[in-house]
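K.L.:
the amino acid sequence is not available; the structure is as follows:
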């Protein structure tokens, strides 16, 4: 798993690159088109970073291809807010697939992604593209604090009934197997 420090470093690089791209694209493209291009490129770079840091090697090409198709399709979404939400959801899906094994951690990550989007909207009041992007990716870097899975590692209660004890032991073993992926 990536660390928070590596995530903060990636946030700094993506924010600087995004601010530079926006400044360059702002000269030759409309404001909304330039923002959509920057968001698409940065989200793609972040997805590639996530895939490179994942221990799971299966499905990377398929995920990258699906993300690319979704990014192109999102370009036709009217409005910048829905476009941005689509990219945030795509980032969340990659993290849910590759870094979490359970619904609770994945939903916590979704909450973090929405918090990152809210923080970026708040930071956009500064008028700085760099600060807006850095705030978003810095909050996103906190996903490493979410446990990969929620485990029930407590031993099952012991009962005097032999069958019930065997059933509880089997349930405990199945929970451990399922939580390991």
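P.N.:
Nice, thanks for sending it over. Please read these numbers as outputs of a predicted model, since none were measured by experiment. Residues are numbered from 1 along each chain as shown.
K.L.:
where's the residue most central in space within the chain, which helix or strand?
P.N.:
Nearest to the mean C-alpha position of the chain, by CA atoms, centre = their mean, lies residue 92 at 3.4 Å. According to DSSP states H and E, residue 92 maps onto helix 80-99.
K.L.:
for residue 81, give me the pLDDT.
P.N.:
With respect to pLDDT, residue 81 has a value of 89.
K.L.:
correction: residue 56
P.N.:
86.
K.L.:
so what touches the helix holding residue 92?
P.N.:
1, 32, 35-36, 39-40, 43, 46-47, 50-51, 54, 56, 59, 63, 67, 70-71, 74-75, 77, 106, 109-110, 113-114, 116-117, 140, 143, 148 (CB atoms under 8 Å, 6 or more residues apart in numbering). Using the backbone N, CA and C atoms, a C-beta is placed for each residue, glycine as well.
K.L.:
switch to 6 Å and redo it
P.N.:
36, 39, 43, 47, 50, 54, 56, 67, 70, 74, 77, 106, 109-110, 113, 117, 143 (CB atoms under 6 Å, 6 or more residues apart in numbering).
K.L.:
next step: these restricted to strands.
P.N.:
Among these, DSSP state E puts none in strands.
K.L.:
show me which of those residues are buried.
P.N.:
Using 16 or more other CB atoms under 10 Å as the burial test, those include 36, 39, 43, 47, 50, 54, 67, 70, 74, 106, 109-110, 113, 117, 143 as buried.
K.L.:
just the ones of the residues you listed in helices?
P.N.:
36, 39, 43, 47, 50, 67, 70, 74, 106, 109-110, 113, 117 (DSSP state H).
K.L.:
now do the same contact list for residue 62.
P.N.:
Contact criterion CB under 6 Å, 6+ apart gives no residues in contact with residue 62.
K.L.:
what separates it from residue 54, distance-wise?
P.N.:
In this view, residue 62 and residue 54 are 13 Å apart by CB to CB, to the nearest Å.
K.L.:
same thing with residue 116?
P.N.:
From residue 116 across to residue 54, the span is 19 Å (CB to CB).
K.L.:
residue 135: how many residues sit nearby?
P.N.:
Neighbour count for residue 135, taken as other CB atoms under 10 Å: 22.
K.L.:
same deal with residue 173?
P.N.:
Around residue 173 there are 11 residues (other CB under 10 Å).
K.L.:
buried residues in the strand or helix carrying it?
P.N.:
Using DSSP H and E, residue 173 sits in helix 162-180. Judged by neighbour count (16+ other CB under 10 Å), helix 162-180 contains these buried residues: 168, 172.
K.L.:
I'd like to know which elements it is packed against.
P.N.:
Of the remaining helices and strands, none touches helix 162-180 by 3 or more CB pairs under 6 Å, 6 or more residues apart in numbering; DSSP states H and E.
K.L.:
this completes my enquiry, with thanks.
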